[in-house]
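Visitor: Need coordinates for the following:
(one chain, ligands or ions: 1)
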Amino acid sequence: MSKEKQSSQYSGKVMLAPMVRVCSLPMRLLALDYGADLVYTEEIIDRKLLICHEYKNELLGTIDFTMSDGTVVFRTCAAERGKVIFQLGTSDAKRALAAAKKIQHLVAGVDVNMGCPKEFSIKGGMGAALLTQQDKVKSILTTLVNGLDVPVTCKIRVLPDIQETVALAKLIESTGVSAIGVHGRTKSERSRDPNRDDYIKAVSNAVSIPVIANGGSKNISNLSEVESFRLNTEASSVMLARAAMWNCSVFRRDGPLPFIDVLKSYLRYAFLYDNNVMNTKYCVLQIIHDKMTEIPEADFSLSAKSLQEFADIWHLQEDYRVILHERQQKEMELSAAEGG
Ligand code: FNR
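Guide: Numbers count the residues shown, from 1 in each chain. Sure thing, here's the model as predicted:
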């Protein structure tokens, strides 16, 4: 694929931003259903991916990367092929390349997390620790750009100084990446702090690859507000994290849906892909968000211990029953085929 073509995939798009625990398969598929152009995985650390085993899960129709104890680290399926961007956590070029090579046949791009301010990332030399290590940034991105067949991008936070932020973005552009995601907060700023839209705008004006603006969720609940954020930052594209986590239908052209509808659609995907219960609970609670005291189902969801309980709480018993029945049928077909 030409460099231009690789970059155009990130141009004029609205995307689901990477979020640990939130961006597993059900949320990604939901975002695509509602109209997101691209969806990021949660950050997955290169070391973890390297010890995973790739497994074709015939029963669910997915490809799984699992650890020896069966933990699913990355689950993907045909419905998101060409739309899913895999986000890597890394501090080392060779390791990043080896990990990315394991999944590149399944994804539309590989993104490097250069913005995570969590202690775990910083101590490991990953995430925002990379923002001040130019040589490492260069070697990781150049190695990935040269070694992979899919487009490579990275997602940064801004530096305290606007000119230094622009200089970093230019250095990143020089490695041959296809686009750059910019969250308009510094490593030490939190989500309550204002997003530095002017820093993103300065980057947009300084580089020629697509800039993906991020950090605007507080003021975004529909696509016209996404467009205002894009115009304000003069970026090519926008990626949404919290706005999508709270109400994934923010991506809908016809306007967002009531959160209960979104929650139920999320659960149907969680059932369909046998999503981990704790992960499902986390996402359900994020969707309920600030309405915990308004609905009785919220408290029940807090103590739910199985997908069946979620089906009971949210009156989705029939949906879950059909899914389980079809899975059982499939299981019988598979074992008959094996036997024959
Ligand atoms: C995040 N963020 C994040 N960023 C990233 O690059 N990789 C990740 O895995 C995560 N994980 C994550 C989890 C959760 C629960 C949240 C809320 C956020 C940061 C996120 O992608 C984004 O940069 C910020 O949330 C700001 O954008 P919004 O929320 O204003 O759209």
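Visitor: can you tell me which helix or strand Ile200 belongs to?
Guide: If you go by DSSP states H and E, Ile200 is part of helix 197-206.
Visitor: Strand partners (parallel or antiparallel) of the helix or strand following that helix?
Guide: Using DSSP H and E, the helix or strand that directly follows helix 197-206 along the chain is strand 211-214. Counting by DSSP bridges, the strands paired with strand 211-214 are strand 179-183 (parallel), strand 237-240 (parallel).
Visitor: Which one of these lies nearest to Asp193?
Guide: Nearest to Asp193, of all the strands paired with strand 211-214, is strand 179-183, at 11.4 Å by Cβ to Cβ. (Glycine included, C-beta is placed from N, CA and C.)
Visitor: Pull the distance from the closest one to the chain's centre.
Guide: Its chain's C-alpha centre and that of strand 179-183 lie 14 Å apart, by Cα atoms, centre = their mean, to the nearest Å.
Visitor: residues contacting Lys187?
Guide: By Cβ atoms under 8 Å, 6 or more residues apart in numbering, Lys187 lies in contact with Gly115, Pro117, Ala128, Leu131, Arg157.
Visitor: Now intersect these with the strands, please.
Guide: Judged by DSSP state E, strands contain the following of the contacts of Lys187: Arg157.
Visitor: one step back: okay, the angle between the helix holding Ile200 and strand 179-183?
Guide: Counting by axes from the mean of the first three to the mean of the last three Cα atoms, to 10 degrees, helix 197-206 points 170 degrees away from the direction of strand 179-183.
Visitor: Farthest-apart pair in the contacts of Lys187, please.
Guide: Within the contacts of Lys187, two members stand farthest from each other by Cβ to Cβ: Pro117 and Leu131, at 9.7 Å.
Visitor: wait, doesn't Arg196 sit right on Leu159?
Guide: No. Using Cβ atoms under 8 Å, Arg196 makes no contact with Leu159, being 10.1 Å away.
Visitor: and these two? which has more neighbours close in?
Guide: Arg196 (22 against 19; other Cβ atoms under 10 Å).
Visitor: who's in contact with the residue lying closest to the more buried one once chain neighbours are set aside?
Guide: Closest residue in space to Arg196, ignoring its immediate chain neighbours: Gly184 at 4.0 Å, by Cβ to Cβ, 6 or more residues apart in numbering. Contacts for Gly184 (Cβ under 8 Å, 6+ apart) come out as Val158, Asn195, Arg196, Asp197, Tyr199, Ile200, Ala213, Asn214, Gly215, Gly216, Thr233.
Visitor: buried stuff in the strand or helix carrying Gln329?
Guide: Assigned by DSSP H and E, Gln329 falls within helix 317-339. By 16 or more other Cβ atoms under 10 Å, the buried positions in helix 317-339 come out as Asp319, Tyr320, Ile323.
Visitor: same thing with stretch 228-241?
Guide: Buried residues in stretch 228-241 (16+ other Cβ under 10 Å): Phe229, Arg230, Asn232, Thr233, Ala235, Ser236, Ser237, Val238, Met239, Leu240, Ala241.
Visitor: per-residue confidence averaged over it?
Guide: Averaging pLDDT along stretch 228-241 yields 98.
Visitor: Over to the nearest residue to Val107 once chain neighbours are set aside. Which of the three states is it?
Guide: Nearest non-adjacent residue to Val107, counting by Cβ to Cβ, 6+ apart: Phe86, 4.4 Å away. Following DSSP: H, G, I helix; E, B strand; the rest coil, we place Phe86 in the strand state.
Visitor: by how many degrees do the strand of greatest length in the chain and strand 179-183 diverge?
Guide: Assignment by DSSP E gives strand 38-45 as the longest strand of the chain. With the same axes, to 10 degrees applied, the angle from strand 38-45 to strand 179-183 works out at 80 degrees.
Visitor: Which elements pack onto strand 38-45?
Guide: Secondary-structure packing of strand 38-45 (3 or more Cβ pairs under 8 Å, 6 or more residues apart in numbering; DSSP states H and E): strand 14-16, helix 25-34, strand 72-77, strand 84-89, strand 109-114.
Visitor: Turn the buried residues of helix 317-339 into TSV, including distance to Val150 and pLDDT.
Guide: Supplementary listing: the buried residues of helix 317-339 in TSV, determined by distance: Cβ to Cβ, whole Å; pLDDT from 0 to 100:
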residue	distance to Val150	pLDDT
Asp319	35	98
Tyr320	36	98
Ile323	32	98
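Visitor: and those as JSON lines, adding distance to the ligand?
Guide: Converted to JSON lines, the buried residues of helix 317-339 look like this (distance: Cβ to the nearest ligand atom, whole Å):
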{"residue": "Asp319", "distance to the ligand": "26"}
{"residue": "Tyr320", "distance to the ligand": "26"}
{"residue": "Ile323", "distance to the ligand": "27"}
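Visitor: for this protein, which spans come out with low pLDDT?
Guide: Where the chain drops to pLDDT under 70, the residues are 340.
Visitor: and it, which residues reach the ligand?
Guide: 17-20, 22, 42-43, 87, 113, 115-116, 155, 183, 214-217, 240-243 (Cβ under 6 Å from any ligand atom).
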